[in-house]
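1. fold the following and give me the result.
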Amino acid sequence: MTYNIRLDIASDGENDWTHRKDFFNAQIQFYAPDIFGVQEAKPNQVLDISTALPKYGYVGIGREGVGKGEASNIFYDKEKFKVIKSNTFWLSETPDSISIGWDAAYNRICTYALLQNKQNNKLIWVFNTHLDHVGEQARTKGLELILSRIEKLNSNKYPVILMGDFNSEPTTDRIVSLKNKMNDARTISKEKPFGPYGTFNNFKYNEPTTLLIDYIFLSINKTITVNKYAVLSDAKDLKYPSDHFPVFVEVNYK
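-> Have a look, this model is predicted:
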């Protein structure tokens, strides 16, 4: 699952984190993903999630450094997975230090983890990111940097999941190009995609959600397949748990 959880900001009023967090955590607990990536997670939100859902461990740091700023953490079921390797890098010309890249409005990061399934020892890479919402070049260059890191790290050709909020619609050149290098989970799902098409709801309960900017991409080889794909539009009392819907998939990998 990939989930832009909307940062904790008081100006959201009745949609701020204090009003959303219980339903948000209950939603995660119900669907019980083995692995999920979040975006826009402030330190207090990461703490709230990890406290409410103790079966999950997580990796990743904030975009301003450890315990500072929004993070793109990867949560994993501790009973099922072990972290072999993990890190966070910046989407910039100096990716190994806290930095802002190209024409971005903010620092942007990618967090990754190599996870080992405790039951069968199978390995899988997970990359989670949030591309800039303003900088056109930053989105394109940031995605190129992530792909180059994947290629560099994945010398053993393990299956790869790349997910996050890409702030890019499917028709943009960068997403079209990415689809030549990785599989879009929505496109290759064996079952028909479930839920609304769009993922960005902007907290507008009474309007259709048509903007698709959140994705889960997978290795293009045959090591990973998708059984189901869904965009989850759960709400409570006419309120959404975030201004984005999560994307939820069921995969097989070898």
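
2. show me what the longest helix anywhere in the chain is packed against.
-> Taking DSSP state H as the criterion, the chain has its longest helix at helix 136-153. Identification of packing neighbours for helix 136-153 by 3 or more CB pairs under 8 Å, 6 or more residues apart in numbering; DSSP states H and E yields strand 109-117, strand 123-130, strand 160-165, helix 173-178. C-beta: built from backbone N, CA, C; applies to glycine.

3. out of these, which gets nearest to Arg6?
-> Closest to Arg6 of these, according to CB to CB: strand 160-165, at 10.5 Å.

4. by contact count, what packs against the closest one?
-> By 3+ CB pairs under 8 Å, 6+ apart, strand 160-165 packs against strand 2-4, strand 35-39, strand 123-130, helix 136-153, strand 214-219.

5. mind checking which of those is nearest Lys239?
-> strand 2-4 (16.2 Å).

6. in that closest one, what counts as buried?
-> Residues Thr2, Tyr3, Asn4 are the ones in strand 2-4 that count as buried (16 or more other CB atoms under 10 Å).

7. what's the helix or strand following that strand in contact with?
-> Next helix or strand after strand 2-4 toward the C-terminus (DSSP states H and E): helix 17-31. Helix 17-31 has contacts (CB atoms under 8 Å, 6 or more residues apart in numbering) with 1, 3, 5-9, 36, 44-45, 48-49, 52-53, 232, 234, 236, 239-242, 246, 248.

8. helix 17-31 to strand 35-39, inter-axis angle?
-> Using axes from the mean of the first three to the mean of the last three CA atoms, to 10 degrees, one finds that helix 17-31 and strand 35-39 are set 160 degrees apart in direction.

9. give the buried residues for helix 17-31.
-> Trp17, Arg20, Lys21, Phe23, Phe24, Asn25, Gln27, Ile28.

10. what do you get for stretch 118-128?
-> Leu123, Ile124, Trp125, Val126, Phe127, Asn128.

11. go on, stretch 129-140?
-> Buried, per 16+ other CB under 10 Å, within stretch 129-140: Thr129, His130, Leu131, Asp132, Gly135, Glu136, Ala138, Arg139, Thr140.

12. which non-adjacent residue is nearest the residue nearest to the spatial centre of the chain?
-> By CA atoms, centre = their mean, the mean C-alpha position of the chain lies nearest to Gly164, the distance being 3.1 Å. Once flanking residues are discounted, Gly164 sits nearest to Thr129: 4.1 Å by CB to CB, 6 or more residues apart in numbering.

13. now do the contacts for that neighbour.
-> Thr129 touches 39, 72, 91, 108-111, 142, 146, 162-166, counting by CB under 8 Å, 6+ apart.

14. and for Thr209?
-> Contacts of Thr209 (CB under 8 Å, 6+ apart): Pro196, Tyr197, Gly198, Thr199, Phe200, Asn201, Ser233, Phe245.

15. buried ones only from these, please, as a PyMOL command.
-> Restricted to buried positions by 16+ other CB under 10 Å, the PyMOL selection for the contacts of Thr209 reads:
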select buried, resi 196+198+199+200+201+233+245
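
16. now, which of the contacts of Thr209 sits nearest Leu178?
-> Of all these, Leu178 sits closest to Thr199, with 16.1 Å by CB to CB.

17. need the nearest residue in space to that closest one, chain neighbours excluded.
-> Asp214 is the one closest to Thr199 (CB to CB, 6+ apart), at 4.0 Å.

18. correct me, but the one you found touches Val247?
-> Yes: with contact defined as CB atoms under 8 Å, Asp214 reaches Val247; the gap is 5.3 Å.

19. shared neighbours of the two, which are they?
-> With CB under 8 Å, 6+ apart as the test, Asp214 and Val247 both reach Thr2, Met163, Thr199.
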